[in-house]
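> pasting the sequence and the predicted coordinates here, then a few questions.
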Amino acid sequence: MSYYEIQGGRPLFGRLSIHGAKNSVLPILAACLLAPGQSVLHNCPDLSDVAATLDILRLLGCRVEREGGAVTVDASALGRADIPEHLMREMRSSVIFLGALLARLGEAELSYPGGCELGPRPIDLHLAALRALGAEILEEQGALRCRRRNGAPWGREICLAIPSVGATENAMLAACGCPGLTTILGAAREPEIVDLQNFLRAMGAKVTGAGGSAISITGGAPLHPAEYRVMGDRIAAATYLCSAAVTEGEIEVDGIEPDTLTAVLACLEEAGCTLHTDPGRIVLACSAPLRGVRQVRTAPYPGFPTDAQAILMAALAGGEGATLFVENMFDSRYRHVDELRRMGADIQVAGRAAMVSGAGRLHGAAVRATDLRGGAALVVAGLGAEGTTQVSGLGHIRRGYERFPQNLRALGAEIREIPA
Ligand code: EPZ
């Protein structure tokens, strides 16, 4: 099993362009199914989750090509509406194909996406939204068989009990195939939802309101393929900024809009970093050990993003001062804590709360990634630690970070991948 070997304590300096957003490109790739013809996506990150999604598109009958940072998807020959279990297991967020397949073909079949390292990942809100849009969904032996009810009045008001990102996206995609006006109330407000709206508009869809909690879609009209540039990945940006902060360096990240991660930037500033932002770029400098941040409570956007919780915790665990984290979005998102403790972190967990007492610099250790962002957090901790850290479980990290060790080395980190 290959692993990263990190010699900690090298301050990071330099400039980095952030890759396209994983959590934006995945629903946008599903949206390519809505119209026959060839769509072109620029700034499409080279990640294992993206590769898995491209495999599903090919299996459904699409022609998919990647040339550098651009991916073309031709959905003219879309020929099937079922996603086999082995592909569903590979990536639970494939549930996003439900809405797009229903809109284009009027049917969809996939196995129940399993839970993941973050705990149970229910899809009840997805199914309720699609049923509200007139879909008939049979759940039997772990499979979901969906079809548009004949003559069902498509288009109506959907109320999401939780501002679920995935359920909002699935409802938007399904509603594009529903004649009439659909309104999604209680919608997620993440920037990735706005990116999806912008892509759908480029396809000719009538979608308004994304970024707010009420999104309206007037569906039914035929759509056409589009060419689009995917937004920068705000969680990847937060990861590199925390890496510079924990090593007391200074970096510039571009290809990212500062207003997509204001909650993270506010915490880094409170921890003692100096930040400068312009449209499309963020500069962070840190010249002393990070201070504690009174409290970090994860919440739906624009609150503090749950995906940055482990990453910021890893940076603060090696600082000086206490921070109370409260993880409100997922039931099991502290699995990185035990690994950080092996590096000397002082973290007390009680339910959703985790009290991090920055005990000064951590020390290197052999640690294992348990999920995508938890794995990235261990790399951040290793960059700031004294001595050598080995991070295994790289498959988790490859899901969401493009050229991670290469980018860090280019900024001055001493990190290399040791093959199995
Ligand atoms: C998206 O997951 C992201 N994934 C996650 O990023 C991110 O952590 C999450 O949104 C929250 O921001 C992608 O976009 C591919 P949710 P999603 O539905 O859509 C509950 C990463 O690291 N819920 O907003 O699955 C759910 O259990 C990943 O890049 C229901 O109860 O998240 C959770 O507690 C990890 N029923 C809460 O809502 C449902 O039907 C928020 O989940 C759906 C969700």
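All right, it came through fine.
> going forward, measure contacts and count neighbours with C-alpha atoms only.
Will do.
> the ligand contacts on this structure?
23, 93, 121-126, 162, 164-167, 306-307, 329-330, 372-373 (C-alpha under 6 Å from any ligand atom).
> show me how to select, in PyMOL, the buried members of those.
Applied in PyMOL, the following selects the buried portion of the residues of the chain next to the ligand according to 16 or more other C-alpha atoms under 10 Å:
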select buried, resi 23+93+125+126+164+165+166+167+306+307+329+372+373
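> all helices for the stretch 1-150 of the chain, in order.
22-31, 48-59, 85-90, 97-105, 124-132 (DSSP state H, counting those that start in this stretch).
> how about a markdown table for those helices, with mean pLDDT and distance to Val40 added?
Compiled in a markdown table, these are given as follows (pLDDT from 0 to 100; distance: least, C-alpha to C-alpha, whole Å):
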| stretch | mean pLDDT | distance to Val40 |
| --- | --- | --- |
| helix 22-31 | 98 | 10 |
| helix 48-59 | 95 | 13 |
| helix 85-90 | 85 | 23 |
| helix 97-105 | 96 | 17 |
| helix 124-132 | 94 | 27 |
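> could I get those as a markdown table with distance to Gly220?
A markdown table is the format used below for the helices of the stretch 1-150 of the chain (distance: least, C-alpha to C-alpha, whole Å):
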| stretch | distance to Gly220 |
| --- | --- |
| helix 22-31 | 15 |
| helix 48-59 | 23 |
| helix 85-90 | 28 |
| helix 97-105 | 9 |
| helix 124-132 | 16 |
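> Ala366 contacts Gly393, doesn't it?
No: Ala366 is beyond contact range of Gly393, at 11.1 Å (criterion: C-alpha atoms under 8 Å).
> all helices of the stretch 151-300 of the chain, in order?
165-175, 191-202, 234-246, 262-270.
> name the helices or strands packed onto the helix or strand of the chain with the lowest mean pLDDT?
The helix or strand of the chain with the poorest confidence is helix 85-90; it has a mean of 85 (mean pLDDT, DSSP states H and E). Helix 85-90 sits against helix 48-59, strand 107-111, with contacts defined as 3 or more C-alpha pairs under 8 Å, 6 or more residues apart in numbering; DSSP states H and E.
> again, 7 Å this time
strand 107-111 (3 or more C-alpha pairs under 7 Å, 6 or more residues apart in numbering; DSSP states H and E).
> pLDDT (mean, whole number) over the strand it packs on?
Average pLDDT, strand 107-111: 94.
> tell me the pLDDT of Gly155.
Looking at Gly155, its pLDDT reads 59.
> repeat for Arg148
89.
> that one and Ala135 touch, don't they?
Yes: Arg148 lies in contact with Ala135 (C-alpha atoms under 7 Å); the separation is 4.5 Å.
> the more surrounded of these two?
Using other C-alpha atoms under 10 Å as the criterion, Arg148 and Ala135 rank with Ala135 on top: 25 against 22.
> that one and Thr239, how far apart?
40 Å (C-alpha to C-alpha, to the nearest Å).
> same check on Leu41?
24 Å.
> and for Gly79?
Gly79 is 40 Å from Thr239, by C-alpha to C-alpha.
> the two: who's more crowded?
Neighbours per residue (other C-alpha under 10 Å) separate Gly79 from Thr239, with Thr239 holding more: 24 against 12.
> spatially nearest residue to that one (excluding sequence neighbours)?
Spatially, and ignoring its direct neighbours in sequence, Thr239 is nearest to Ile311 (6.3 Å; C-alpha to C-alpha, 6 or more residues apart in numbering).
> which elements pack onto the helix or strand that contains that neighbour?
Assigning secondary structure by DSSP states H and E places Ile311 in helix 309-317. Using 3+ C-alpha pairs under 7 Å, 6+ apart, the elements in contact with helix 309-317 are helix 234-246, strand 353-359, helix 372-384.
> right, so those: which one is the most enclosed?
Compared across these, helix 372-384 shows the largest average neighbour count, a mean of 30 (mean count of other C-alpha atoms under 10 Å).
> what's the angle from it to helix 309-317?
Between helix 372-384 and helix 309-317, the angle comes out at 20 degrees (axes from the mean of the first three to the mean of the last three C-alpha atoms, to 10 degrees).
> contacts for helix 372-384?
6-9, 242-243, 246-247, 307, 310-311, 314-315, 336, 364, 369, 389, 391, 396-397, 399-400 (C-alpha atoms under 7 Å, 6 or more residues apart in numbering).
> mind redoing it with 6 Å?
8-9, 243, 246-247, 310-311, 314, 336, 369, 389, 396-397 (C-alpha atoms under 6 Å, 6 or more residues apart in numbering).
> kindly report the same for stretch 319-336.
If you take C-alpha under 6 Å, 6+ apart as the criterion, stretch 319-336 is touched by 118-119, 289-298, 352-360, 374.
> again with stretch 412-420
With C-alpha under 6 Å, 6+ apart as the test, stretch 412-420 has contacts from Met1, Ser2, Tyr3, Tyr4, Glu5, Ile6, Gln7, Arg10, Leu12.
> what's the most distant pair in those?
Maximum pairwise distance in the contacts of stretch 412-420, criterion C-alpha to C-alpha, is 27.5 Å, between Met1 and Leu12.
> which one's more surrounded, those two?
Taking neighbours as other C-alpha under 10 Å, Met1 and Leu12 compare with Leu12 leading, 26 against 9.
> identify the residues contacting the more buried one.
Ala244, Gly249, Leu411, Gly412.
> likewise for Glu157?
Counted by C-alpha under 6 Å, 6+ apart, Glu157 has contacts Thr182, Thr183.
> before we move on, what about the one 3 residues further on?
If you count contacts by C-alpha under 6 Å, 6+ apart, Leu160 has them with Gly186.
> export stretch 283-298 as PDB, just CAs?
What follows is stretch 283-298, C-alpha atoms only, in PDB (Å, rounded to 0.1, in the frame of the first residue of the first chain):
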ATOM      1  CA  VAL A 283      -3.100  35.500  -0.400                       C
ATOM      2  CA  LEU A 284      -2.400  34.100   3.000                       C
ATOM      3  CA  ALA A 285       0.600  34.700   5.200                       C
ATOM      4  CA  CYS A 286       1.400  33.400   8.700                       C
ATOM      5  CA  SER A 287       4.400  34.100  10.800                       C
ATOM      6  CA  ALA A 288       3.600  32.700  14.200                       C
ATOM      7  CA  PRO A 289       2.000  29.500  15.600                       C
ATOM      8  CA  LEU A 290      -1.800  29.500  15.000                       C
ATOM      9  CA  ARG A 291      -4.000  30.800  17.900                       C
ATOM     10  CA  GLY A 292      -7.200  29.000  19.000                       C
ATOM     11  CA  VAL A 293     -10.500  30.100  17.400                       C
ATOM     12  CA  ARG A 294     -13.300  30.300  19.900                       C
ATOM     13  CA  GLN A 295     -15.600  27.900  18.200                       C
ATOM     14  CA  VAL A 296     -16.100  26.400  14.800                       C
ATOM     15  CA  ARG A 297     -19.700  25.100  14.200                       C
ATOM     16  CA  THR A 298     -20.300  23.400  10.800                       C
END
